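Novice: Just a sequence and a predicted model for now, questions to come.
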Protein chains: 2
Amino acid sequence: MKKLLISIFMLLPLLCHAEDLQSPDGNLKLTFSLTTNGQPAYQLTYKDKPVVATSTLGLQLVGGNDLMSGFIQTDCRRTSFDETWQPVWGEESEIRNHYNEMAVTLNQRATDRTMILRFRLYDDGLGFRYEFPQQKKLVYFVVKEEKTQFAMPADNKAWWIPGDYDTQEYSYTESKLSEIRTLMPGVVKAHAGNSSSTTFSDGGVQTALQMKTPDGLYVNIHEAALVDYSCMHLNYIKETNTFESWLTPDAQGNKGHLQTPCQSPWRTVMVTDDARKTLASRLILNLNEPCKLEDTSWIKPVKYIGVWWDMITGAGSWHYTNDFPSVKLDLTDYVHATPNGSHRANNDTVRRYIDFAAANGFDQVLVEGWNIGWEDWANNSKDKVFDFVTPYPDFDVDALNNYAHSKGVRLMMHHETSSSVRNYERHIDKAYKFMVDHGYNSVKSGYVGNIIPRGEYHYGQWMVDHYLYCVKKAAEYHIMVNAHEAVRPTGLCRTYPNLIGNESAKGTEYEAFSGNNPDHTTILPFTRLQGGPMDYTPGILETQIYTRVKGARFVNSTLARQLALYVTMYSPLQMAADVPNSYEHYADAFQFIKDVAVDWQKSLYLEAEPGDYITIARKEKGGDRWFIGCTVDEVGHQSTLKLDFLDKGRKYTATFYADAPGAHYEKNPKAYTITKKTVTAKSIVQLSAAPGGGYAISLVPVE
Amino acid sequence: MKKLLISIFMLLPLLCHAEDLQSPDGNLKLTFSLTTNGQPAYQLTYKDKPVVATSTLGLQLVGGNDLMSGFIQTDCRRTSFDETWQPVWGEESEIRNHYNEMAVTLNQRATDRTMILRFRLYDDGLGFRYEFPQQKKLVYFVVKEEKTQFAMPADNKAWWIPGDYDTQEYSYTESKLSEIRTLMPGVVKAHAGNSSSTTFSDGGVQTALQMKTPDGLYVNIHEAALVDYSCMHLNYIKETNTFESWLTPDAQGNKGHLQTPCQSPWRTVMVTDDARKTLASRLILNLNEPCKLEDTSWIKPVKYIGVWWDMITGAGSWHYTNDFPSVKLDLTDYVHATPNGSHRANNDTVRRYIDFAAANGFDQVLVEGWNIGWEDWANNSKDKVFDFVTPYPDFDVDALNNYAHSKGVRLMMHHETSSSVRNYERHIDKAYKFMVDHGYNSVKSGYVGNIIPRGEYHYGQWMVDHYLYCVKKAAEYHIMVNAHEAVRPTGLCRTYPNLIGNESAKGTEYEAFSGNNPDHTTILPFTRLQGGPMDYTPGILETQIYTRVKGARFVNSTLARQLALYVTMYSPLQMAADVPNSYEHYADAFQFIKDVAVDWQKSLYLEAEPGDYITIARKEKGGDRWFIGCTVDEVGHQSTLKLDFLDKGRKYTATFYADAPGAHYEKNPKAYTITKKTVTAKSIVQLSAAPGGGYAISLVPVE
């Protein structure tokens, strides 16, 4: 008993000093303090309810001499900020950035080193970061670990995926915090990703981490503006019910090489009393720097199709020939090689896709497997894997681009790097110039496999720098970037809006591999999408597919829900991922995909509960149409929607794409109904979403 | 005793098969064999005297399944080759490449993997390599260690430096093989390099390793054509008197990522019965591929001066300001920074050097410290350390280049990378284009500090690829490369003759740091220079210098010997490293530096013994002048030179730059005499080189 008391005593830092900060609406209160040994700490309350209990801050450095304790406060400055800014693209045309700020300057007396803790408190959450001003006693330093605590006052419910230095392609687990460590081994074991994976702790989880407290608050921990720093994971300490930051190491096990002046990314704690407000929050974007691109006129949202699903399901191949045990770009004679007959990026197929795109109003056609090297790429730690400029013999890059352009369509470039990052950077200027020369203006890039330089991880400081390097360089060429397997976004699309998409989560491709959980898309908007848009690639209408695994299987979604995802999974880049044949077969349902907008003036979050359902209404930018989408879990959901957001006194033709009675994601996914009726702002509609289903609605003003 | 017998038994492989190969002159004989367990082995004799005792071959792979044993011979092909080729620049205008070759194809039966051992036997040595043809059962593999043995039949004398993954900047130790492991700790401890260092074994030594057998043979182990493989060290096993290959690891400890078809570099064993023949050997060059550059007209030998020695000795600085604890290229305001007053790459100083170069017939002026970033560079693991295109405020790049060009002089570019290699590669195209745009055609690059990507070493496969990448890319821009701190050369300058120099050894700069051994330059031509030219930067005439270490010290060389080095240290790139003031002060001696050629029609090795003395006579290319240089150890040396290589019946004015009586590298280094006399092919001259001294002679035909 005595031992226990001592433990508790040691866990409660003695506070010797405190500074308070309130959110503009007064609901959130942040208290900064120094413990008796001079360690910075903070706590956060919402309407006086604890959200983050007293949690300490600091950094351990390689070589000792940590920035953990021995600090005194030498300054504290408060400011307020309120502005409204216009994103280049987004869920709404205007975003308010309104916060109260407190910057506490700390000096570690024994070393005369200065560190600033800057807190920004919004109505919907907290952002804080470490800042290291230029100073004589702190110039270069290497981070052993950032020790930022997030002490949870209760055993919250959480939707989590395992902490991993290389992938976020996991299904979410819903559990109490206290169950994380017990459940982790099984979750990791069940992971069947197609990418590299490096887990590190049974308590390791990734951000954005969505939680719900016993008293109904929605708490979300993430980070914003991840620049020149390594990605933060959270390590759950069961004994203290506390998360601690856990950075991604480099090849030598260090977690960050810093030089003053510099700062950490923002650590964020979003807090709302309604899950819909969490979806409506712009906390992460607001904590990022304003747009740094002077001219953004070339950045356009994109709706696209692609030569892709055929290969994902195993019907076609990215590679061109089976002649060789392996290929070398400078040695292999592709011209005289035997085509394997299944290569999909061929002239005929691509023309067919171009025709389809042009006929149905798509902006672009992604073509994967167009360039030499796909015979052996990931999993070989192959350095010189692709050159990004040499097409296969059956892909006539000039003719196909000319054909596409003649029809008002562009091809979308594909740069699979195979995670051979030096190789990519060596070719990047030539590759981007090649794009410009041939009329491409967007690129889907990929990072499958282990990182080269070997020993680095997808989410370390090295790679964080690389991803942003590509985005910045792409901007020089007026190229939009959609990077798959890159680090999960942290709102940098505000600063560099040519970053129009990322994957960084389990996307639709897994429906062909092992299937996504029916509730997957009711969680992603709370987690992965908090940092920026995801190229989820929805729109699989032929949900019964033949996969690489022999035999047929079903996508874990009803057909109607596939339509809804164009609204619920916000992205300025939306793919219609199925093959043209499927769309021709389900032409009536496909109409929604053709109609739906990809850029928005306004978004309303009508219903939301993580893991259960999400219903969102959005008004298109530059037009008066509204679109509604609903996605639900394996239970199904009944909606009663008031359409009072519509223009008063105006009539709209509503087209409902809904699950038919008896629809079910597994047993009867393709049962859908399409009905039309006229509605007004006074209308109230009742809708039913099947288990693993959803619905989509288009609302077009009657002229 | 029983145990000992078993040990000996196990060390002597049982041979079950043997193939012989002879050198064209029949003196060298190579025997290839397979041991009873199917491990490849070889031995080498010179006139039936053993040079390499039976030594096994093979590779250990990561993950097991080694390529060590279980082989059967499936083919053996013999060919002969004899050609004469013309190097773009070199010690002579024509080089004969004459060898007998044997390629033994081996199949490892249990795995059905095939490996070819290709042996080339020249009159002056052996080259052999592992070849891995494209095949189904051997596609990608990771080398754990290459296990190539070089079993020594006797306790040879050796001139060695410690094996090190990051530097060759060591003084040579002369010892018996059996003494290496005992001496190593002291040698490593005494190392006071200014670069990074990673030693790995008390038996580890570097190549080229020069040895002398008890019966007077000169044996040299090195490698040729190091491409896409990691640099080989040798690990001495005292018990068996054997060297084993020891490759440089990558950040994960692996020693090579290979994909078939591929091959190892050539492993070379040069054998002569006269040290002069060792210097005359072109074994390493001959084992490299012919020139791959179609147009080489832009490649010219270069004699240059530089804004350099002033900083090396501590009188001046590379950096511009002392205002900041550290700098960031995108943040630091250099324009308003306070100049520190010691920055040497300023307009006035550079103009002075340009004037001096023009007045004295130099081709180029190197300027170090011209670009922003030098305030804090190496030793900080700084990623974004230089941009290679932004000059300091006091260096007017346009005006200075225009001024130089108006005087028929070029500036030489300097790219210190600080070993931040990703950063360099990101900037390299822009940096090379900047050079072309401003009229530079050669670059001295540097790799001081630990490699970034962190965990990689200077001599690993990653960096080997980088150095060659730079050379190839430079060739696209018609730029000549002189890379310091890069991996030691292996004859690649034959294939890419724009690689006009390397450092990769202790150069003259160490005379200002800790001093080079007096015999240093009598060893380098046997070791470091076997792979290619060294930018040794001789010509320090003011041998009494004020260094960073307080107070004056002496260069460990007489003044006369500094002149000789232009002949004995072959390079198509020769610097006059001292400051103009020194040359003006010793104008009579400086005349030799002005006169001496930098490209040669013919070279004769008049006297040579490693560690004692080297005397070389060379005839300039495109002219009839001869130059002779002699460098000796701390003992001094008496030469009797027959000038019978001169044109018969022709008179020459000989100018002798010699140590004066009483001259001594330490006590009286600047005592020199200059005398002239007329000589013919019948002349025999007696010369005396002081301890740590030498002499230089120019021989100009009397018109």
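Specialist: Sure thing, it's come through.
Novice: Now the stretch 551-700 of chain A against chain B: closest residue?
Specialist: With distances taken as Cβ to the nearest Cβ, the stretch 551-700 of chain A approaches chain B most closely at residue A:573, which sits 26.8 Å away. Using the backbone N, CA and C atoms, a C-beta is placed for each residue, glycine as well.
Novice: where's the residue lying closest to that residue once chain neighbours are set aside relative to chain B, distance?
Specialist: What sits nearest to residue A:573 in space, not counting adjacent residues and going by Cβ to Cβ, 6 or more residues apart in numbering or on different chains, is residue A:501, at 4.1 Å. Using Cβ to the nearest Cβ, to the nearest Å, we find residue A:501 at a distance of 24 Å from chain B.
Novice: Neighbours of residue A:501, how many?
Specialist: Here the neighbour count serves as a burial measure; for residue A:501 (other Cβ atoms under 10 Å in any protein chain shown) it reads 26.
Novice: Repeat that for residue A:202.
Specialist: Counted by other Cβ under 10 Å, the residues lying close to residue A:202 total 18.
Novice: again, but for residue A:581
Specialist: Residue A:581 is surrounded by 12 other residues when neighbours are defined as other Cβ under 10 Å.
Novice: Next: residue A:282.
Specialist: By other Cβ under 10 Å, the residues close to residue A:282 number 20.
Novice: which residues sit in contact with it?
Specialist: Counting by Cβ atoms under 8 Å, 6 or more residues apart in numbering or on different chains, residue A:282 touches A:95, A:96, A:97.
Novice: Output the below-cut-off pLDDT ranges for chain A.
Specialist: Counting by pLDDT under 70, chain A shows low-confidence ranges at A:1-17, A:192-194, A:546-552.
Novice: quick one, what contacts residue A:311?
Specialist: A:317, A:318, A:344, A:368, A:369.
Novice: switch to 6 Å and redo it
Specialist: If you count contacts by Cβ atoms under 6 Å, 6 or more residues apart in numbering or on different chains, residue A:311 has them with A:318, A:344.
Novice: next one: residue A:205
Specialist: A:160, A:163, A:234.
Novice: Now for these, which sits with the most neighbours around it?
Specialist: Comparing the contacts of residue A:205 by number of neighbours (other Cβ under 10 Å), residue A:163 comes first, having 29 neighbours.
Novice: That one: what's its closest spatial neighbour, skipping adjacent residues?
Specialist: Across the structure, with Cβ to Cβ, 6+ apart as the measure, the residue nearest residue A:163 apart from its sequence neighbours is residue A:204 (2.7 Å).
Novice: ok so, going back, so what does the residue nearest to residue A:573 have for phi and psi?
Specialist: The phi/psi pair for residue A:501 (degrees, to the nearest 10) reads phi -170, psi 160.
Novice: Near residue A:324, how many other residues are there?
Specialist: Neighbour count of residue A:324, defined by other Cβ under 10 Å: 18.
Novice: Over to residue A:381?
Specialist: Neighbour count for residue A:381, taken as other Cβ under 10 Å: 20.
Novice: quick one: it is in a helix?
Specialist: No. Judged by DSSP: H, G, I helix; E, B strand; the rest coil, residue A:381 forms no part of a helix; its state is coil.
Novice: just checking, it touches residue B:257?
Specialist: Yes. Counting by Cβ atoms under 6 Å, residue A:381 does reach residue B:257; the two are 5.5 Å apart.
Novice: max-length helix in chain A?
Specialist: The helix that spans the most residues within chain A, counting by DSSP state H, is helix A:421-438.
Novice: So which other helices or strands are in contact with whichever helix or strand comes after it?
Specialist: If you walk from helix A:421-438 toward the C-terminus, the next helix or strand you reach (DSSP states H and E) is strand A:442-446. Secondary-structure packing of strand A:442-446 (3 or more Cβ pairs under 6 Å, 6 or more residues apart in numbering or on different chains; DSSP states H and E): strand A:410-416, strand A:480-483.
Novice: Could you look over those strands and pick the most buried one?
Specialist: Among the helices and strands packed on strand A:442-446, the stretch with the highest mean neighbour count (mean count of other Cβ atoms under 10 Å in any protein chain shown) is strand A:480-483, at a mean of 27.
Novice: elements contacting that one?
Specialist: Other helices and strands packing on strand A:480-483, by 3+ Cβ pairs under 6 Å, 6+ apart, are strand A:442-446, helix A:461-476, strand A:499-502.
Novice: how about the residues of chain A near chain B?
Specialist: For chain A, the residues found near chain B under the criterion Cβ under 6 Å from any Cβ of the partner chain are A:134, A:136, A:139-140, A:250-252, A:257, A:259, A:325-326, A:380-381, A:453-455.
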